[in-house]
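S.K.: model this:
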Amino acid sequence: MNRKYADRFFQYFFRMVSLVSVLALGAILIFVFAQGLMPFVGATAPGIRLVVQNIGELAVNGRVYRNVPDSISLEEDARFISLRFPSGDAGEEVVDIEVNADERDARKRLVFARNPSAKVSYPEAYVVTLGWPGLMAGRDRKIHIILPEPPYSPVEFIGGMQWQPVRDKVFGVFPMIAGTVLASLGAIFLGVPVALLCALFMAEFLADRPAAFARGAIELLAGIPSVVYGFFGLMVIVPAVKNVFGIAAGNTLLSAVVVLALMILPTVITIAESSMRAVSLSLKEASLSLGASKMQTAWHITLFHAHSGVIAGIILGISRAVGETMAVILVAGNSPQLVFSPLESVRTLTATIAMEMGYASGRHSEMLFSIGVVLFIMILALNSLILRLRRGMDVV
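M.R.: This is a model prediction of the structure:
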């Protein structure tokens, strides 16, 4: 009776844990996708905002603010801004501004109907700053006019060649997409053949005791943190690339490819070797009895019948290469540019998120979530392609 209740308890417990896990994962995906799609469906704010510095009293469109708050929001359809505030012996400062909402160029959206005595500057896109000298040094009076950023074009986001998120508000991620694809594919083409040969050697040609020792060493390598691989690449691979090719700096795409290839080796070797050892002994003996050599048997029988596990290892290797962050930051150079040589600096999608999320805000922060969505879609597409190839091999 006790065992019956215990089994029922654990049955419901595991169902509850599974349900909570699925709901948590779904909530995370919904949150990331919602944040990532937000820049393309709406503006950053409903209307224009004013941020005031060192001005105690300000009249905006006839409404007087004393002890001015941190920001003043105007109506969504505001087409005119009238600013008035006392200016000591000079009397009153007056600024009248017309708002052209149809103008896409942020610098041309505000037209000063009455020229202010202030110094007009544009510290960044969608921000206009009016400044007046203060009564004391370092106490300049300023009014920052923050315009709402319109929805960003998905085409410009995916196909844009410039990434200037702070001043110019330009969010083009094509160079980072290309850098991620090149670094990942380079690591796969360099690391997977080596990993498969190592796995085949351990499974078919190495004695049991040395194979067990090598297997434990490789599993230990799989547990090393990625930042350690990155530090190794920074201290060894980057100087080697610099000296061998005679370039100014070794932080290049080639360095990132080599480090990522080293990182995926343990994962691919471990899974592929386990699958090869699981191939039926009768298949190998049948091949040998027909006159095939041990190498031919390993290559045509063991590797072929272990293709399911081999492809699973390759998928995990691709996922790790595409999603790697710290190691790439240390060795790739992190220049958001489109590269045409493996000896040029490159930046990946994950490196962009890691480097900029700490200080990003507003549209910039939302765009980093959009990069996460792009990264998710890339990994899903690559894995789906490999799984489709796997199903084709199963049919054959």
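S.K.: which segments of the protein make up each domain?
M.R.: For the chain, the structural domains run 49-148, 171-395, going by automatic domain parsing.
S.K.: deepest-packed of the ones you listed, please.
M.R.: domain 171-395 (a mean of 18; mean count of other CB atoms under 10 Å). Yep, even glycine has a C-beta here, placed from its N, CA and C like the rest.
S.K.: just how off-centre is that one within its chain?
M.R.: Computed by CA atoms, centre = their mean, to the nearest Å, the chain-centroid distance of domain 171-395 equals 17 Å.
S.K.: now that domain: mean pLDDT?
M.R.: Mean per-residue pLDDT for domain 171-395: 87.
S.K.: cool, and stretch 71-82?
M.R.: Across stretch 71-82, the per-residue pLDDT values average to 85.
S.K.: and the strands in this structure, which stretches?
M.R.: 49-53, 57-60, 63-66, 72-73, 80-86, 92-99, 110-114, 119-124, 127-132, 141-146, 163-164, 170-171 (DSSP state E).
S.K.: from the contact counts, what lies against the fifth one?
M.R.: Here strand 80-86 touches strand 57-60, strand 92-99, going by 3 or more CB pairs under 8 Å, 6 or more residues apart in numbering; DSSP states H and E.
S.K.: right, so of the domains of the chain, which gets closest to Ser21?
M.R.: Evaluated with CB to CB, the domains of the chain place domain 171-395 nearest to Ser21, the distance being 18.2 Å.
S.K.: related to what we said a few turns ago, mean pLDDT and distance to Ala306 added to the helices and strands packed on strand 80-86, as a markdown table?
M.R.: As requested, the helices and strands packed on strand 80-86 are exported to a markdown table (pLDDT from 0 to 100; distance: least, CB to CB, whole Å):
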| stretch | mean pLDDT | distance to Ala306 |
| --- | --- | --- |
| strand 57-60 | 87 | 73 |
| strand 92-99 | 86 | 67 |
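S.K.: same list (these) but as JSON lines, adding distance to Pro210.
M.R.: Listed next are the helices and strands packed on strand 80-86 as JSON lines, based on distance: least, CB to CB, whole Å:
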{"stretch": "strand 57-60", "distance to Pro210": "80"}
{"stretch": "strand 92-99", "distance to Pro210": "77"}
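S.K.: Arg8: which of the domains of the chain is closest?
M.R.: Closest among the domains of the chain, using CB to CB: domain 171-395, at 34.4 Å.
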